[in-house]
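K.L.:
Structure here, sequence nowhere to be found:
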């Protein structure tokens, strides 16, 4: 499965100095040449982009995940640059575009993790240039031992320049033993000025509220080394509000308030020649969806699903996007739009009320429109699934290519041979109903059931019975997954519904779940919407815009609803009455 990322907290600060440039070589998926690594997608690429430029001898110098850095303080432990001591003699790795001009050469230093298998044979040659590589000046260093060690270069060997280049070159003689190698990691250029004493700790972000609207959050950045000086604190967003002042307080917390949900923070602090920065990826302030849950994807075409209030992006890559119109299946009503995705990219997670007993049902429409991208040796992938509240897959739906057609599969594991025997064609609109029964410990999937006769006793197309050791403890989320460029076909996905009762998913017309429901006029042009039903009981009415933001929420027994504050456009109305839920598209003029 794809790696799922938690909040990334990045701090750039050095005791008694400032980091000017740092590179930890990312996290490659395998041995990758420098030229290919430059074009990779985070985290499998270099940390830095323009104006920093990386080059290396073609086909020789590579970034690898093997023998990760360790032992020395600050070792990042993932990708590292590999150079063999016994082959490709004289090949190099070069970094251009480092700007050290704001600092004196007397306080500039260079450090890097260094792995050598021998201290007696020739070592890498390290050089610097300030004229684009026309001339090179050696930088001397001596490794303190074999294996991973931290090398620090001092003594005014790093110049002050707007165009500093660094080059590591393999020796021109074959090393002994023949397994000898060099590795480099955690390359850093920094200003080691003893007058710069501030040290920033790991920032944290906390949501001020968690609602279906756009919320704000507060960031806290701990620090030490203050108490004197004149520090100018500049956040990229929000307001410095409360907390401690490093001008007068030696150690404390800088607090930034009023940051908009989804907006990342960069904090910059300057004190004369000393500068510091800290970055924080915005926390997610999105609510857990209540059951029964209906998602007709009523979002503006081309918008990212993860930007809506119901869904959360859980990794990096291209977005799952809203697409024009709905998929349709006999007896299964559709409103709003749909979403589409293909190949590698972001996975989107939608949380719902965590459930530990009874059964959970999820239904949706899917159209595999293009299978040609599935060219992997094992053309199988899971593209959707039920998860626990921690986003861990528990029930997965697969697509397996079979010639020019495909089959669906169902499994608790990341691979499967549990396939539906029916072959389906690209362009077919398919209704899928997935379930998990906590008591029977059984996964089930019904593929294209006849809704005119379907009920809970209808034999499932695919089943899998778990054991007491593999039983699922809880389910609290649903994920749409983009696997790789060669395994995920082009998919349109629509009308996701999740409930503990299968009847909530399968009414022939969703609005008829509430007997006698009428929502009128539509379009609304006079500022008043009427909602009526046979019971006319107290009901909750929520209205959402095309981005999924809740713009109105009221609990009322009245039939007339004041919508005059809403701007012209398309909305979705969700009505909950006596335990039943219905949704309907609404147009305001």
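P.N.:
Right, received. Where do you want to start? No experiment lies behind these values; they were computed from the predicted model shown.

K.L.:
how close does the residue sitting nearest the centre point of the chain get to residue 143?
P.N.:
Centroid-nearest residue in the chain: residue 315, 2.1 Å away (criterion: C-alpha atoms, centre = their mean). The gap separating residue 315 from residue 143 is 37 Å, by C-beta to C-beta, to the nearest Å. (Each C-beta comes from the backbone N, C-alpha and C, glycine too.)

K.L.:
Isn't the residue nearest to the centre of the chain up against residue 348?
P.N.:
No. Look at residue 315 against residue 348 with C-beta atoms under 8 Å: they stay out of range, at 9.7 Å.

K.L.:
got any ranges where this protein has weak pLDDT?
P.N.:
1-17, 59-60, 85-88, 173-180, 273, 507-513, 546-548, 579 (pLDDT under 70).

K.L.:
So which residues of it form helices?
P.N.:
Remark: helices assigned in the chain by DSSP state H are 34-38.

K.L.:
Which residues belonging to stretch 369-377 are considered buried?
P.N.:
371, 373, 374 (16 or more other C-beta atoms under 10 Å).

K.L.:
Now do the contacts for residue 34.
P.N.:
The contact partners of residue 34, by C-beta atoms under 8 Å, 6 or more residues apart in numbering, come to 54, 55, 56, 61, 62, 63, 93.

K.L.:
Out of the residues you listed, list just those in strands.
P.N.:
54, 55, 56, 62, 63, 93 (DSSP state E).

K.L.:
For residue 36, see how far away the last one is.
P.N.:
This points to residue 93. 14 Å.

K.L.:
Looking at the two now, which is surrounded by more residues?
P.N.:
Legend: neighbour count by other C-beta atoms under 10 Å for residue 93 and residue 36, higher for residue 93 (25 against 14).

K.L.:
my read: the more buried one touches residue 183, true?
P.N.:
No. Look at residue 93 against residue 183 with C-beta under 8 Å: they stay out of range, at 11.0 Å.

K.L.:
shared neighbours, those two?
P.N.:
With C-beta under 8 Å, 6+ apart as the test, residue 93 and residue 183 both reach 81, 83.

K.L.:
count of neighbours near residue 225?
P.N.:
18.

K.L.:
In contact with the residue lying closest to residue 270 once chain neighbours are set aside: list those residues for me.
P.N.:
Nearest non-adjacent residue to residue 270, counting by C-beta to C-beta, 6 or more residues apart in numbering: residue 232, 4.9 Å away. Contacts for residue 232 (C-beta under 8 Å, 6+ apart) come out as 269, 270, 271.

K.L.:
Give me the subset of those that lies in strands.
P.N.:
Short answer: the contacts of residue 232 in strands (DSSP E) are 269, 270, 271.

K.L.:
Pairing partners for the first one in the sheet, please.
P.N.:
To tie it back to what came earlier, the one meant is residue 269. residue 233, residue 276 (DSSP bridges).

K.L.:
That one is in contact with residue 275, isn't it?
P.N.:
Yes. Judged on C-beta under 8 Å, residue 269 makes contact with residue 275 at a distance of 7.0 Å.

K.L.:
Of those two, give the one with the bigger neighbour count.
P.N.:
residue 269 (23 against 19).

K.L.:
ok, that one - contacts?
P.N.:
Taking C-beta under 8 Å, 6+ apart, one finds 198, 200, 231, 232, 233, 234, 246, 275, 276, 277 in contact with residue 269.

K.L.:
Redo these as TSV? Include distance to residue 285.
P.N.:
TSV is the format used below for those (distance: C-beta to C-beta, whole Å):
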residue	distance to residue 285
198	30
200	24
231	29
232	29
233	24
234	24
246	28
275	30
276	27
277	24
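
K.L.:
Pull out the buried members of those.
P.N.:
Buried among the contacts of residue 269 (16+ other C-beta under 10 Å): 198, 200, 231, 233, 246, 275, 276, 277.

K.L.:
Adding distance to residue 172 as columns, could you present the residues you listed in CSV?
P.N.:
Output for these, formatted as CSV (distance: C-beta to C-beta, whole Å):
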residue, distance to residue 172
198, 45
200, 44
231, 50
233, 51
246, 51
275, 41
276, 42
277, 41
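
K.L.:
Out of the residues you listed, which comes closest to residue 423?
P.N.:
Nearest to residue 423 out of the buried ones among the contacts of residue 269 is residue 277 (C-beta to C-beta; 56.0 Å).

K.L.:
pretty sure that closest one is in contact with residue 268, am I right?
P.N.:
Yes. Look at residue 277 against residue 268 with C-beta under 8 Å: they come within range, at 5.1 Å.

K.L.:
ok, the closest residue to residue 330 other than its chain neighbours - contacts?
P.N.:
Distances taken as C-beta to C-beta, 6+ apart place residue 451 nearest to residue 330, at 6.8 Å, with adjacent residues excluded. For residue 451, the contact set (C-beta under 8 Å, 6+ apart) comprises 330, 331, 332, 431, 506, 508.

K.L.:
I'd like those residues laid out as TSV, including neighbour count and distance to residue 104.
P.N.:
Output for the contacts of residue 451, formatted as TSV (neighbours: other C-beta atoms under 10 Å; distance: C-beta to C-beta, whole Å):
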residue	neighbour count	distance to residue 104
330	11	76
331	14	76
332	23	71
431	23	70
506	22	73
508	11	77
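
K.L.:
Out of those, name the ones that lie in strands.
P.N.:
Going by DSSP E, the strands hold residue 431 from these.

K.L.:
Now tabulate the contacts of residue 451 in a markdown table and tack on distance to residue 390.
P.N.:
Below are the contacts of residue 451 laid out as a markdown table (distance: C-beta to C-beta, whole Å):
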| residue | distance to residue 390 |
| --- | --- |
| 330 | 37 |
| 331 | 35 |
| 332 | 31 |
| 431 | 29 |
| 506 | 29 |
| 508 | 36 |
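
K.L.:
Pick out whichever of the contacts of residue 451 sits closest to residue 458.
P.N.:
Nearest member of the contacts of residue 451 to residue 458, counting by C-beta to C-beta, is residue 506, at 10.7 Å.

K.L.:
doesn't residue 330 make contact with the closest one?
P.N.:
No. With contacts defined as C-beta under 8 Å, residue 506 does not count as touching residue 330, sitting 11.9 Å away.

K.L.:
just to revisit the earlier point, between the ones in strands among the contacts of residue 232, which is nearest residue 360?
P.N.:
Nearest to residue 360 among the ones in strands among the contacts of residue 232, with distances taken as C-beta to C-beta, is residue 269, at 48.6 Å.

K.L.:
Against residue 230, how distant is that closest one?
P.N.:
Residue 269 is 11 Å from residue 230, by C-beta to C-beta.

K.L.:
Strands of the stretch 401-550 of the chain, start to end?
P.N.:
405-411, 429-437, 442-447, 462-465, 475-480, 490-499, 518-520, 528-532, 539-544, 550-556 (DSSP state E, counting those that start in this stretch).
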